[in-house]
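A.B. asks: predicted model, plus sequence, below.
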Amino acid sequence: MSTFSAYVRLARVGWILVREGVVAALPSEGLPPIVGVVKKVAAVFARKRALNSVRSDRLAQAVERLGPSYVKIGQFLATRPDVVGAELAADLAGLQDRMAFFPTGAAQTAIRDSLGRPIDELYVSFGAPIAAASIAQVHPCEVQTAYGPRKVAVKVIRPGVRQRFAADLQVMYLVAHMQERLLPHMRRLRPVEVTKALEQTTRLEMDLRLEAAALSELAENTKNDPGFRVPEVDWERTGRDVITMEWIDGIKMSDVEALKAAGHDLNLLADTLIQSFLRHTLRDGFFHADMHPGNLFVDPAGIIVAVDMGISGRLGKKERRFLAEILYGFITSDYMRVAEVHFEAGYVPSHHNVASFAQAIRAIGEPIHGQPAETISMARLLTLLFEVTELFDMETRPELVMLQKTMVVVEGVSRMLNPQFNMWKASEPVVGQWIKDNLGPKRIVVDIKDGFRAAVRVAEALPEIAAKTEKFHSELMHMSEHGLRFDAATADAIGKAEAHHSRSGRFALWIIAISCLYMAIHFAMGG
């Protein structure tokens, strides 16, 4: 899409946000005075009805007018309070991903095209849609098995959603680049990288084969875990635009009264939920990143079943150690260790003082201790953490922000089940055991094994490394004897650069080329 089209679409987005009163309601604390003027002007053009409603309702109305892809954009930004602010993130988190159904015939066509088989050959029955979101909708169906018909859930991609999202994403990129150019203090949050993460996340979510793979991986990881599972995938009836999975007969976790009436232990469910999430995160480095109550069911046996794995998160070994030590440091009030971990991981620039950072962490952690569990807000603690990281020039870590946001949601669900829920107390058994297994004597053995494997891989690659080194040396010697030669592609590239770049750009290009020539000759003469 052209830049001009992106500006036109951005202008439309801005006008809708103004008309629905969103701009007039945006927080302006700490921003330049001109922002206050803009808000007043925007209020003049806003609908009267919008000005009489709360900000979250204004956002919901604006997003409904903008279309399905903006629901997904809003929900993604809700996971980035470091970018949009804690208040706005809370409003965005309330966006309801409920859209109008698209025709069943269009869903059947998408399935037939994706799987290459007729619908009546795939399903015994194909029901009308029961839920529709910004990216897909779900149909109750039946498949034939050796034991008779079996009910399944069939999720189908919304027609045209990829093209619509690609166009809307260009507007996001435009805004991100404008932020980096016009607001230097925002560069720390890397808005362009945030937009790339949104693009990658949504593209993955639009390929239902990847969601099926995520469900399969989580099922394998949790097969021996108590009280938690995910639906089984029917791979024969799964493709890019459709996923068929086990139908879950259970009670949504959002329906607390129904859970009580069914005789489930709500306190146990709350503890199981947070402990399961931490096991997935720390033990496996792979977690369900959209665990809101609408995606969590409790089956008749009291097992938590998590559905809709369009969004998942991963953590490397370093990030898992970082998370475990941070959590354990807060649990045990060891704020100096929490600060040291930030520095060891490279998350806080080394020119800052560890003791000063530990002092700031203490200001966050102390409110946890000595208070009733129901007064401890994980969301408030994370808001303070984001403020502290800004003071200490900590760059945004997208994988950690997604993890923190998911943790807030999981804690919220657990507290909905048990108002006296204490996340820190419930977390301690899992985190403590992981610390014992991975940061104690066992860690040394694991690190030795990992080091040995790395050494073996290097040894296996030595012949190839030696061959490439010899080839590079030969080419360098030939260059020193016969001069620097450009191949046809390089010459063509320089020609195009000459035609399109400014005088300063051409000068820089040739400085680089001359420098390469000088270094090559100098190296050869020195040899």
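C.D. replies: Thanks, I have the structure now.

A.B. asks: so where is the stretch 151-300 of the chain shaky, pLDDT-wise?
C.D. replies: 185-189 (pLDDT under 70).

A.B. asks: what strand or helix carries the spatially most central residue of the chain?
C.D. replies: Of all residues in the chain, the one closest to the mean position by CA atoms, centre = their mean is M402, 4.9 Å from it. In the assignment (DSSP states H and E), M402 maps to helix 398-417.

A.B. asks: show me what secondary structure element comes after that helix.
C.D. replies: Assigned by DSSP H and E, the successor of helix 398-417 is helix 423-438.

A.B. asks: can you give me the offset of that following helix from its chain's centre?
C.D. replies: On the basis of CA atoms, centre = their mean, to the nearest Å, helix 423-438 sits 24 Å off its chain's mean C-alpha point.

A.B. asks: okay, that helix in PDB with CA atoms only?
C.D. replies: Extracted in PDB, the C-alpha atoms of helix 423-438 (Å, rounded to 0.1, in the frame of the first residue of the first chain):
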ATOM      1  CA  MET A 423      -0.700 -14.800  44.200                       C
ATOM      2  CA  TRP A 424       2.700 -14.700  46.000                       C
ATOM      3  CA  LYS A 425       1.800 -17.400  48.500                       C
ATOM      4  CA  ALA A 426       0.200 -19.600  45.700                       C
ATOM      5  CA  SER A 427       3.300 -19.100  43.500                       C
ATOM      6  CA  GLU A 428       5.900 -20.000  46.100                       C
ATOM      7  CA  PRO A 429       5.800 -23.800  45.800                       C
ATOM      8  CA  VAL A 430       6.300 -23.800  42.000                       C
ATOM      9  CA  VAL A 431       8.900 -21.000  42.000                       C
ATOM     10  CA  GLY A 432      10.700 -22.300  45.000                       C
ATOM     11  CA  GLN A 433      11.000 -25.800  43.500                       C
ATOM     12  CA  TRP A 434      12.200 -24.400  40.100                       C
ATOM     13  CA  ILE A 435      14.800 -22.300  42.000                       C
ATOM     14  CA  LYS A 436      16.000 -25.400  43.800                       C
ATOM     15  CA  ASP A 437      16.200 -27.500  40.600                       C
ATOM     16  CA  ASN A 438      17.600 -24.900  38.300                       C
END
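
A.B. asks: now for it, which elements pack on it?
C.D. replies: Contact partners of helix 423-438 among helices and strands, from 3 or more CB pairs under 8 Å, 6 or more residues apart in numbering; DSSP states H and E: helix 266-278, helix 317-332, helix 398-417. Where you see a C-beta, it was placed from the backbone N, CA and C, and this is true even at glycine.

A.B. asks: need these in a markdown table with distance to E366, can you?
C.D. replies: Shown next, in a markdown table, are the helices and strands packed on helix 423-438 (distance: least, CB to CB, whole Å):
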| stretch | distance to E366 |
| --- | --- |
| helix 266-278 | 22 |
| helix 317-332 | 10 |
| helix 398-417 | 19 |
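
A.B. asks: so which of these is nearest E142?
C.D. replies: With CB to CB, the closest approach to E142 among those belongs to helix 266-278: 30.2 Å.

A.B. asks: tell me how far V194 lies from E180.
C.D. replies: Distance, V194 to E180, using CB to CB, to the nearest Å: 11 Å.

A.B. asks: which of these two has more residues huddled nearby?
C.D. replies: Remark: of V194 and E180, V194 carries more neighbours, 22 against 16, as counted by other CB atoms under 10 Å.

A.B. asks: pretty sure the more buried one is touching V175, no?
C.D. replies: No - at 10.5 Å, V194 and V175 do not qualify as touching, with contact defined as CB atoms under 8 Å.

A.B. asks: excluding its backbone neighbours, what's nearest the residue nearest to the centre of the chain?
C.D. replies: Nearest residue to M402 in three dimensions, chain neighbours excluded: G313, at 4.8 Å (CB to CB, 6 or more residues apart in numbering).

A.B. asks: partner residues bridging the one you found?
C.D. replies: F287 (DSSP bridges).

A.B. asks: that one: how many residues sit nearby?
C.D. replies: Count around G313 with other CB under 10 Å applied: 22.

A.B. asks: so what's it up against?
C.D. replies: Counting by CB atoms under 8 Å, 6 or more residues apart in numbering, G313 touches 286-287, 289, 399, 402-403, 406.

A.B. asks: what about it, distance to V124?
C.D. replies: G313 sits 37 Å away from V124, taking CB to CB as the criterion.

A.B. asks: again with D225
C.D. replies: If you measure D225 against V124 using CB to CB, the figure is 33 Å.

A.B. asks: ok, now A258?
C.D. replies: 30 Å.

A.B. asks: likewise W424?
C.D. replies: 49 Å.
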